[in-house]
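Trainee: missing the sequence, but the structure's below:
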């Protein structure tokens, strides 16, 4: 582990009974609130895997919860591609707002009584979100793993910069230049087989589950990838996993 993650690991083992790893929220603030409240009751530190907004009914509420738990030092969120895109839009970059995704998030922020303050806070908080985090034998990342994440820390300003180096893998996983019939990029999962034995990668980004439960893939090298996006805000539900420490 790197210096900053080692310091966090020591604090977590002193102050918490474990971790609660929460999948993509996508504006489902009610489910996210239930996950955070349950974690507090059990003395669990929350690691949310990114994509706080877009699609769901209460994107401002999801942001408020994520920012509060980070400021109170009882949780953090990993940088997701939707979070990165939201920050770009809020800073005036030219992005294409999907009417049901980013467009809906921006409209809800405009209508919120604290919308302007929340936008300013989102710019700051997203800029500081890690693109990946290693804690012991666990890697937490939104989109996809690379072996260098085992020894290299996330850039401090990954959320504020154009994705470079390992950050595109962290945000988007592994994609080709082709598009699927549903309009999304064609995704590859070769990166799963680069997870070494003894390492588990917790990620979101895509719904690989066919039964509503987190999907587990075993790497050829003996590691594991656990995909926690089960469709919150998109017609499915929010999933989380508790890890003792």
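Mentor: On my side now, so go ahead. The shown structure was predicted, so the numbers you read here are calculated from the model rather than taken from an experiment.
Trainee: mind listing what residue 186 touches?
Mentor: Residue 186 makes contact with 175-176, 178-180 under the criterion Cβ atoms under 8 Å, 6 or more residues apart in numbering. Using the backbone N, CA and C atoms, a C-beta is placed for each residue, glycine as well.
Trainee: Could you do residue 174 as well?
Mentor: 144, 187-191.
Trainee: Where does the prediction get shaky in the protein?
Mentor: Counting by pLDDT under 70, the chain contains low-confidence ranges at 1-3, 181-183.
Trainee: Just give me the residue closest to the centre of it.
Mentor: The residue lying closest to the centre of the chain (Cα atoms, centre = their mean) is residue 50, at 1.7 Å.
Trainee: For it, which non-adjacent residue is spatially closest?
Mentor: Leaving aside its sequence neighbours, residue 50 sits nearest to residue 80 (Cβ to Cβ, 6 or more residues apart in numbering; 2.5 Å).
Trainee: Measure how buried the one you found is and give me the count.
Mentor: Residue 80 is flanked by 32 other residues according to other Cβ atoms under 10 Å.
Trainee: Residue 243 - that's part of a strand, no?
Mentor: Yes - counting by DSSP: H, G, I helix; E, B strand; the rest coil, residue 243 is part of a strand.
Trainee: Torsion angles phi and psi at the residue nearest to the centre of the chain?
Mentor: With angles defined as degrees, to the nearest 10, residue 50 shows backbone torsions of phi 100, psi 170.
Trainee: Contacts only, for it.
Mentor: Residue 50 neighbours (Cβ under 8 Å, 6+ apart): 24, 77-83, 129, 142, 204-205.
Trainee: repeat that with 7 Å
Mentor: 24, 77-80, 83, 142, 204 (Cβ atoms under 7 Å, 6 or more residues apart in numbering).
Trainee: Then residue 175?
Mentor: Residue 175 touches 185-188, counting by Cβ under 7 Å, 6+ apart.
Trainee: out of those, which is most surrounded?
Mentor: In terms of neighbours by other Cβ under 10 Å, the contacts of residue 175 top out with residue 187 at 16 neighbours.
Trainee: I'd assumed it was in a strand, is it?
Mentor: Yes - assessed with three-state DSSP, residue 187 lies in a strand.
Trainee: Could you measure from it over to residue 4?
Mentor: 30 Å (Cβ to Cβ, to the nearest Å).
Trainee: And residue 29, by the same measure?
Mentor: 29 Å.
Trainee: between those two, which one's more packed in?
Mentor: When residue 29 and residue 4 are compared for neighbours, residue 29 comes out ahead with 23 against 13, by other Cβ under 10 Å.
Trainee: what secondary structure does the residue lying closest to the more buried one once chain neighbours are set aside sit in?
Mentor: Leaving aside its chain neighbours, residue 29 sits nearest to residue 61 (3.1 Å; criterion: Cβ to Cβ, 6+ apart). Following three-state DSSP, residue 61 is assigned to helix.
Trainee: Give me the number of neighbouring residues for residue 61.
Mentor: Applying other Cβ under 10 Å, we find 21 residues neighbouring residue 61.
Trainee: One more: residue 229?
Mentor: Here the count is done by other Cβ under 10 Å, and residue 229 has 27 residues near it.
Trainee: do you know how far residue 39 is from residue 32?
Mentor: On the measure of Cβ to Cβ, residue 39 and residue 32 end up 11 Å apart.
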